[in-house]
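Undergrad: what's the 3D shape of this:
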Amino acid sequence: MAGERVTAAARGATTIADRVVAKIAAQAAREALDGVPEGGAAPHASVLVHHDVARVRIGVELDYPSDIGARCGAVRRQVAERVHALAGMEVPEVAVRVERLHSAQSRAAQGRIQ
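TA: Numbering: from 1, shown residues only. Got it, this is the predicted structure:
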């Protein structure tokens, strides 16, 4: 036995909890959006992990006006890249849901109402 090499698969397994993958995804979305709109909520994620494959759903809030398609595409790319790099999982699907748009006019109106 001394001198025999044990393969990585024979030594054990690493399991990453879904909530950890969700946290990675939410942080990656925040990075892709360069932060959170003023008065907005941070991106939040839910994931479904099966073996080494993660399917991700992200909820985001965006400034208005903005190129929604481009911003969502950037979120999808960043989330897939970061989850793959940090958790070693393939990410075939990242569904982005825009939950709210924040306009500068509505923020100004809220500032006047006190």
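
Undergrad: could you pull out the strands in this protein for me?
TA: For the chain, strands defined by DSSP state E occupy the ranges 44-50, 53-64, 90-103.

Undergrad: list the helices and strands the second one packs on?
TA: Right, the one you point to is strand 53-64. helix 18-32, strand 44-50, helix 68-87, strand 90-103 (3 or more Cβ pairs under 8 Å, 6 or more residues apart in numbering; DSSP states H and E). Bear in mind the C-beta positions are built from the backbone N, C-alpha and C, glycine included.

Undergrad: and the second one, which strands flank it?
TA: Taking DSSP bridges as the criterion, strand 44-50 sits next to strand 53-64 (antiparallel) in its sheet.

Undergrad: average pLDDT for stretch 10-25?
TA: Mean pLDDT, computed over stretch 10-25, is 91.

Undergrad: same deal with stretch 97-113?
TA: 73.

Undergrad: burial check on residue 89, number of neighbours?
TA: 22 (other Cβ atoms under 10 Å).

Undergrad: now do the same contact list for it.
TA: Residue 89 makes contact with 16, 21, 49, 52-54, 83 under the criterion Cβ atoms under 8 Å, 6 or more residues apart in numbering.
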